[in-house]
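Q: generate a structure from the sequence data that follows.
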Amino acid sequence: MVKSFICGVVEGFYGKPWTMKQRADLFPRVANFGMDTYMYAPKDDFKHRSAWRIPYSPNESEQLRRLIEESKLHNIRFIYALSPGLDMIFSSEKEMKLLMDKLDQVRGLGCDSFALLFDDIEPQLHPADEVRFQTPAHAQAYVTNEVYHHMRAPSTFLFCPTEYCEAYCQPSFYQSSYLPIIGAELNLGIDILWTGPRVISKHISCASIRAVNKVLKRKVIIWDNLHANDYDQRRMFLGPYSGRSPALVPLLSGVLTNPNCEYEINFIPLRTLAIWSKLSIETTDALSEDIYDPSKALNSAIIDWLPQFSISENCTTEIPLIIRRENNLESMEIEQPPEKEDSPPTEEMMSIESEGEAKKVLPSPTDEVPPLPLDSDTMLPKHEGMSIENLSLLCDMFYLPYQHGARAVELLQELSWLVNFNPDSKQDVDESTLPAEWTRKAEQFRLKCGMIDSLFSKIDGPNRSLHYEIHPYVTEVQSALYRAKAYISRIERKECSFPTLDIPRDPEPWVFQGGFGAELTRILPAEAYKTDEVSRRPVENPSAATCVYFVRPYCVADQTLKQVPVQEDLYKICLLNSDNGQDGSHLFPDHPDIIGDRGVGPYLEFAPELAYVLTDDAGVCGYVLGVVDTQSFYEDVYTKWLPRMCEKYSAPGPDKSTWNSTAEVANGFHNPPKVIIPDCLSGPYPSHIKFNLLPRAQGKGMGESLITCVLESLKNKGSKGVHLDISPDDIRYLNFYTSLGFKEITMPTQPLNQVFLGKIFPGEVKDGQNSEISDDPEFP
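A: Numbers count the residues shown, from 1 in each chain. This is a model prediction of the structure:
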């Protein structure tokens, strides 16, 4: 029996899962698009991953049963996925029974398609498993085959390997011992998920898929993270499905897209994938690159999405509507479904509000892909002022992980030209004409900023679901544009000079986070923050849901700008966390800077390029600091930093009974213990980091964004691994770092008040390597 091509959605991101109501709303939407599959795999549903052994409660089971029934009403294949790999003992019969019992429970609710996921785990066996299994691959294949047979060999059964992309293969794709074992041992009725060359692949080539299929002995299913934004909460992706040739379709068993965390903003990612799939599958001629045009698909999806902005609804989870397309986009009606009994109280990770509300069915897609009418007055319906051109501009600013849309690129180039304008480089031009050229381009820049301001004002429309999900992203761009315009005005008033900038670039999308808004900010020098216009800007309540956070590199110039006292702010944050994570101001009343001079100053002095700061509208609210070589860093501290501190702070008297906290720190400057990094750290974990957040920024996922920046920078500088130390009583941070992949390090002599955690950087595919298995631009 030949399996049909799977095309659908995987809810597989980290962060707040979608609600049950949003999932139920998804089914008619993707069915109308022509998609046929939904896979339930939210990383932060604790009963899916960290507490996979725990069965669902009666209330949760009822919610899940109704959801499965809803999917069947729309002919959507519902795949239930479980991730037991974090802590499963594969050789334990008890563990195997718990796994099968959990899947049996879901099968009893009407589900007939399943998946086992072993992604994002350490490739190590539990000591109890080492006796029975040679490798983690053997253990995973054994358990998956047993479950597959126990579930009576369902027609759809998926497996996600630990090495799920070329970059994660150890030591490389062709030298991997893991993938050949999976290909040989795993039952051929089980499909395997694959993300491509990287976790977030810009291109997926036919050559690379042929190579993977050969090793795994079957056609893979692409788990596509092209539109995933869980690694950067300041970006959403509204660009078209692209970088995947239609010629891939005969080589694949399917594609599941793992889209933006925010449900409502996924219209274009899902719509364009559906167009790609339909055009690719229905074409009987030889497939070519010309069959699917991403720009035309985007235009079509924008036209279909526009009516959603005029729907009056508070939230997908509260007031859904039924919208049916008749002969044109303007044929809409609101229907009330039959009333059902209210659902019982729900539990946090399986929430669904009320079953007595209607489901929203979006207009079915157009069969053709019309061009985008940017220059004509379209007759298509418009939300109060929102137009096709407005929506196209929004998509350009929030396009794809590796690229901005055309108009966003144009705006960035113009701002860069204005900021970096160098009159000395124009030797062949009459100097008197230079100001006119600059002034003309400055006015063009302002006009385009005005268009963006107009777009943002129109987002605040009847559809509150879209408003609430889009607003936090556009607010950051607004802030960056306001700062840019203010700085341009300062240049015009000759209040500052044209700076020379070296803007960092990195191929990975998560290294310098923030997308279009952050690109605007990075073009501006630190001096731009001195403008009076910026200081008069109204500050939103930083506790509000719309608060926008910036992660940006620390700049040495920050130390000298009184209007941006970033070093002072970092010292203050250090002080506010100095009493076992609490405010330590009372401990250092006479010298509040002393704790910053110990814990922050040396890093800003000797490794400023590895310092990142977190800001919100109220100011700096967090930081992360790092060094590449810990031993060399401490040598600099001893020889260069401590002498300065001894001049700044007097040595305490000999009577320790009279010492306060300030005296204890000062004594550490004058009589420092010699720090020798043991081999267990200097070998595998030569680098180290320090991290602090103010309470107002905690619990919002920004800590992970900060640490990701410094980890990527350390890795790019050639570091093999990184360590840090925390108090053994700080359970909150211990759990946090563990979730990021840090593991406790066994020290030769374990300190009483310190726990050392370490993370080894996995090998990754560098540009120019493994070109023999891929013909896409990531492997030139």
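Q: CA only for contacts and neighbour counts going forward, please
A: Fine.
Q: so what strands line up beside the longest strand anywhere in the chain?
A: If you go by DSSP state E, the chain has its longest strand at strand 619-627. Paired neighbours of strand 619-627 in the sheet (DSSP bridges): strand 612-616 (antiparallel), strand 687-693 (antiparallel).
Q: following the lowest-mean-pLDDT helix or strand in the chain, which helix or strand shows up next?
A: The helix or strand of the chain with the lowest confidence, counting by mean pLDDT, DSSP states H and E, is helix 532-535 at a mean of 34. Beyond helix 532-535 on the C-terminal side, the first helix or strand identified by DSSP states H and E is strand 550-553.
Q: Provide the contact partners of the helix or strand following that next one at residue level.
A: Following strand 550-553 in sequence order, the next helix or strand is helix 566-576 (DSSP H and E). Identification of contacts with helix 566-576 by C-alpha atoms under 8 Å, 6 or more residues apart in numbering yields 558-559, 582-585, 592-593, 595-597, 599-600, 620-623, 692-694.
Q: could you do stretch 78-93 as well?
A: Residues contacting stretch 78-93 (C-alpha under 8 Å, 6+ apart): 37-41, 48-50, 52, 68, 71-72, 95-96, 99, 106, 111-119, 121-122, 126, 128-129, 132, 139-140, 143, 156.
Q: if you set the cut-off to 7 Å instead, what comes out?
A: 37-41, 48-49, 52, 68, 71, 95, 111, 113-118, 121, 126, 129, 132, 139, 143 (C-alpha atoms under 7 Å, 6 or more residues apart in numbering).
Q: name the single longest helix found in this structure.
A: Ranked by residue count, the top helix of the chain under DSSP state H comes out as helix 464-492.
Q: picking up where we left off before, weakest of the strands paired with strand 619-627 in terms of mean pLDDT?
A: Mean pLDDT is lowest for strand 612-616 out of those, coming in at a mean of 84.
Q: between that one and helix 464-492, how big is the angle?
A: Relative orientation of strand 612-616 and helix 464-492, computed by axes from the mean of the first three to the mean of the last three C-alpha atoms, to 10 degrees: 110 degrees.
Q: okay, angle between strand 612-616 and helix 566-576 too, please.
A: Angle of strand 612-616 versus helix 566-576, following the same axes, to 10 degrees, is 80 degrees.
Q: list the buried ones in strand 612-616?
A: Buried positions in strand 612-616, judged by neighbour count with 16 or more other C-alpha atoms under 10 Å: 612-616.
Q: pull out the buried residues from the helix or strand M100 falls within.
A: Counting by DSSP H and E, the element that carries M100 is helix 93-107. Residues 96, 98-100, 102-103, 106-107 are the ones in helix 93-107 that count as buried (16+ other C-alpha under 10 Å).
Q: over to stretch 689-707?
A: By neighbour count with 16+ other C-alpha under 10 Å, stretch 689-707 contains the buried residues 689-694, 697, 702-703, 705-707.
Q: quick one: which of those residues is nearest V10?
A: The shortest approach to V10 among those belongs to S705, at 23.0 Å (C-alpha to C-alpha).
Q: excluding its backbone neighbours, what's nearest that closest one?
A: D232 (6.5 Å; C-alpha to C-alpha, 6 or more residues apart in numbering).
Q: helix, strand or coil for the one you found?
A: coil (DSSP: H, G, I helix; E, B strand; the rest coil).
Q: next, the distance between the ends of stretch 636-649.
A: End-to-end distance for stretch 636-649, by C-alpha to C-alpha, to the nearest Å: 19 Å.
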